[in-house]
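>>> Need a 3D model of the following:
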Amino acid sequence: MLRRFLLRTARKLLLLWHHFRPLTLWLLRIPR
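Predicted coordinates for the structure are as follows:
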């Protein structure tokens with residue numbers, strides 16, 4: 001059960017990372 005929970009959270013984190021990585025790169029590219 002714990003392994004399944006860890007797999008689910010890891011998948012969610014990977015999805016979030018894939019969604020937020022271009023956003024952070026885009027924000028870093030903008031000079032303030």
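>>> what are the ranges of the helices in the chain?
Counting by DSSP state H, the chain has helices at residues 2-29.
>>> which residues of it score low on pLDDT?
Applying pLDDT under 70 to the chain flags residues 32.
>>> now with 80?
For the chain, residues meeting the criterion pLDDT under 80 lie at 30-32.
>>> Nearest residue to the middle of it?
The geometric centre of the chain, computed from its C-alpha atoms, lies nearest to residue 17 (CA atoms, centre = their mean), at 1.4 Å.
>>> Check the gap between that residue and residue 4 for me.
20 Å (CB to CB, to the nearest Å). All C-beta spots, glycine's among them, are computed from the backbone N, C-alpha and C.
>>> and residue 8, how many neighbours?
The criterion is other CB atoms under 10 Å. On that basis, residue 8 has 10 neighbouring residues.
>>> returning to that earlier point: what sits against the residue nearest to the centre of the chain?
Contacts for residue 17 were tallied using CB atoms under 8 Å, 6 or more residues apart in numbering; there are none.
>>> ok, it to residue 23 distance?
According to CB to CB, residue 17 and residue 23 sit 11 Å apart.
>>> same deal with residue 30?
In this view, residue 30 and residue 23 are 11 Å apart by CB to CB.
>>> Same drill for those two, tell me which one is more crowded.
Legend: neighbour count by other CB under 10 Å for residue 30 and residue 23, higher for residue 23 (9 against 6).
>>> Run a quick neighbour tally on residue 21.
With neighbours defined by other CB under 10 Å, the count for residue 21 comes to 10.
>>> Just the CA trace of stretch 2-11, in PDB.
This file holds the C-alpha atoms of stretch 2-11, laid out as PDB (Å, rounded to 0.1, in the frame of the first residue of the first chain):
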ATOM      1  CA  LEU A   2       2.800   2.400   0.900                       C
ATOM      2  CA  ARG A   3       4.600   1.600  -2.400                       C
ATOM      3  CA  ARG A   4       1.400   2.400  -4.400                       C
ATOM      4  CA  PHE A   5       1.000   5.700  -2.500                       C
ATOM      5  CA  LEU A   6       4.600   6.600  -3.200                       C
ATOM      6  CA  LEU A   7       4.200   5.800  -6.900                       C
ATOM      7  CA  ARG A   8       1.100   7.900  -7.100                       C
ATOM      8  CA  THR A   9       2.700  10.900  -5.400                       C
ATOM      9  CA  ALA A  10       5.800  10.500  -7.600                       C
ATOM     10  CA  ARG A  11       3.700  10.500 -10.700                       C
END
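>>> Alright, calling it a day.
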